[in-house]
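any chance you can model this:
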Amino acid sequence: MSIRLNPYLQFSNNTAEALDFYKGVLGGEVVISRFKEYGTEGADGDLVMHGQLETDAGFTIMAADTPSFMSGPAKESNITVSLSGDDSDALRRYWQGLSDGANVSTPLEKQMWGDEFGQLTDKYGVGWLVNISGSQS
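Sure thing, here's the model as predicted:
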C-alpha cells in the first residue's frame, strides 16, 4: 500500500488551460473530466470537475474549476508548490517555463545558504518555489 501527497489546485474557470500550461513546462499527460460527464448542464457542464497532470518525473498536479453551485477558490492562499533538488538543468527549465507571465518575487539566483533559489506567482495565481541544491563545502 502506498500514500501520495500532491497539490490540488482550484481555479475559477481555466483549469484546462492551466494544466496544459503546466504540461508544457513539466511534461507528462493530462486527463480531464468535465461536470457534464456527470449530468451538470449549461455553462457549468463545460467546466473541469477533475483534472490531473502526471509527469515522467513523478509529479502529480490535480486541479478543478469552480462551478456556480460551489464556493470559489480562496482569494489568498497559504499554499505554495515547491520544486527542489540537484538536477539543475531540469529545475532551470521548469523555472523558465513557470516564469512566463509570472510575478517573480525572488529571482532564481545563489542565496546565502549556498543554493540557487527563486520564488514566483505564475500567471494562474499559483505560488512556486524553486531550489537548486548547491555545493555545501
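
residue contacts, Gln119?
Thr80, Val104, Ser105, Thr106, Gly127, Trp128, Leu129, Val130 (CB atoms under 8 Å, 6 or more residues apart in numbering). Heads up, the C-betas are built off the backbone N, CA and C, glycines and all.

top of these by number of neighbours, please.
Counting neighbours by other CB atoms under 10 Å, Val130 comes out on top of these with 23 neighbours.

circling back to that earlier point, strands - which of the contacts of Gln119 land there?
Thr80, Val104, Ser105, Thr106, Gly127, Trp128, Leu129, Val130 (DSSP state E).

which of those residues sits closest to Ser88?
Among the ones in strands among the contacts of Gln119, Val130 lies closest to Ser88 (CB to CB), at 10.3 Å.

what residues are bridge-paired with that closest one?
Going by DSSP bridges, Val130 is paired in beta bridges with Leu83, Gly118.

correct me if wrong: it contacts Trp95.
Yes - in this structure Val130 lies within contact range of Trp95 using CB atoms under 8 Å: 4.8 Å.

before we move on, back to that, in TSV: the ones in strands among the contacts of Gln119, plus pLDDT and distance to Phe69.
Shown next, in TSV, are those (pLDDT from 0 to 100; distance: CB to CB, whole Å):
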residue	pLDDT	distance to Phe69
Thr80	94	29
Val104	98	36
Ser105	98	35
Thr106	98	39
Gly127	96	28
Trp128	97	30
Leu129	97	34
Val130	98	37
